[in-house]
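A.B. asks: The amino acid sequence is not available; the structure is as follows:
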């Protein structure tokens, strides 16, 4: 008799779990479920699948459940923010998070912000995630090249050394000539780089060295892209070309 009661109880519990998960999948809220179901791991997993942001408010018991955190970051990497520190230092979880949302790198542990594979995964999704990489990796040419290839504006977060690297700067200005603004003074005085830059955005002429603002070849290249960029040329060339 007791075995039959236990069997019926287990069946009832299973049916309730299935009903709870079904309700969540049809738009129901976790807080609408019976307390027993809100303490059920399978139900919580279903809930974070539907709304990963509940990781912020679920009981600590589930915040400390690796399966729950992994499921949450697979849906939206940014919820890593609400995970316990131990999971911010969990390489698999952080990789999943940054692969889903590059900004999750902001919430990774310092150790994983210095992990090449983790940072590469983030910057390949969005180069601007380089902002959250360690100082060491912002000076890693391979990683910075991948970042600026994705977004030239990531040059802003590269090390001073790499902002002075012609290969890195040439890759970055492919995005837009104005990215030259973020390069070193030496690169803004490099005619080859400046020509490529103004051809990809005449307005970039405002960021080049005074020497090259007085270079007719550079100024003409800028004008071909944007005639209004003449105002950034030297006084001598403005006077000559306005005649």
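C.D. replies: Ah, there it is. Everything numeric in this text was worked out from a predicted model, so none of it was measured.

A.B. asks: who touches the one helix or strand residue 212 maps to?
C.D. replies: Secondary structure from DSSP states H and E places residue 212 in helix 210-213. Under the contact criterion CB atoms under 8 Å, 6 or more residues apart in numbering, helix 210-213 has outside partners 188, 189, 191, 194, 205, 218, 219, 232, 233, 234, 237. Where C-beta positions appear, they are placed from N, C-alpha and C, glycine not excepted.

A.B. asks: Now do the contacts for the closest residue to the second one other than its chain neighbours.
C.D. replies: Spelled out, that is residue 189. With CB to CB, 6 or more residues apart in numbering as the criterion, residue 189 has its nearest non-adjacent residue at 3.8 Å, and that residue is residue 209. Contact analysis of residue 209 by CB under 8 Å, 6+ apart lists 185, 188, 189, 194.

A.B. asks: correct me, but the last one touches residue 181?
C.D. replies: No: if you go by CB atoms under 8 Å, residue 194 and residue 181 don't touch, sitting 11.9 Å apart.

A.B. asks: if I look at those two, which residues touch both of them?
C.D. replies: Overlap of the contact sets of residue 194 and residue 181 (by CB under 8 Å, 6+ apart) consists of residue 204.

A.B. asks: and the two? which has more neighbours close in?
C.D. replies: residue 194 (29 against 18; other CB atoms under 10 Å).

A.B. asks: per-domain residue ranges of this protein.
C.D. replies: 9-96, 110-163, 173-243 (automatic domain parsing).

A.B. asks: quick check: mean pLDDT across the longest one?
C.D. replies: If I follow you right, that is domain 9-96. Domain 9-96 carries an average pLDDT of 82.

A.B. asks: Check the offset of that domain from the chain's centre.
C.D. replies: 24 Å (CA atoms, centre = their mean, to the nearest Å).

A.B. asks: measure stretch 222-239 end to end?
C.D. replies: For stretch 222-239, the first-to-last residue distance is 16 Å (CA to CA, to the nearest Å).

A.B. asks: Ok, stretch 83-97 next?
C.D. replies: Start and end residues of stretch 83-97 are separated by 11 Å (CA to CA).

A.B. asks: And for stretch 127-146?
C.D. replies: Start-to-end, stretch 127-146 (CA to CA) is 7 Å.

A.B. asks: quick one, which of the domains of the chain is nearest to residue 102?
C.D. replies: The closest of the domains of the chain to residue 102 is domain 110-163. By CB to CB, the value is 4.0 Å.

A.B. asks: about what we covered before: out of the contacts of helix 210-213, give me the one that has the most neighbours.
C.D. replies: Busiest of the contacts of helix 210-213 [other CB under 10 Å] is residue 194, holding 29 neighbours.

A.B. asks: Next up, identify which helix or strand it is on.
C.D. replies: Going by DSSP H and E, residue 194 is in helix 191-199.

A.B. asks: Show me what counts as buried in stretch 123-139.
C.D. replies: Within stretch 123-139, the residues that qualify as buried are 123-134, 137-138, counting by 16 or more other CB atoms under 10 Å.

A.B. asks: right, I mislabeled it, should have said stretch 176-184
C.D. replies: 176, 177, 178, 179, 180, 181, 182, 183.

A.B. asks: Now tabulate these in JSON lines and tack on distance to residue 37, secondary structure and pLDDT.
C.D. replies: What follows is those, written out as JSON lines (distance: CB to CB, whole Å; DSSP: H, G, I helix; E, B strand; the rest coil; pLDDT from 0 to 100):
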{"residue": "176", "distance to residue 37": "52", "secondary structure": "coil", "pLDDT": "92"}
{"residue": "177", "distance to residue 37": "58", "secondary structure": "helix", "pLDDT": "94"}
{"residue": "178", "distance to residue 37": "55", "secondary structure": "helix", "pLDDT": "95"}
{"residue": "179", "distance to residue 37": "53", "secondary structure": "helix", "pLDDT": "97"}
{"residue": "180", "distance to residue 37": "58", "secondary structure": "helix", "pLDDT": "97"}
{"residue": "181", "distance to residue 37": "56", "secondary structure": "helix", "pLDDT": "96"}
{"residue": "182", "distance to residue 37": "53", "secondary structure": "helix", "pLDDT": "98"}
{"residue": "183", "distance to residue 37": "57", "secondary structure": "coil", "pLDDT": "98"}
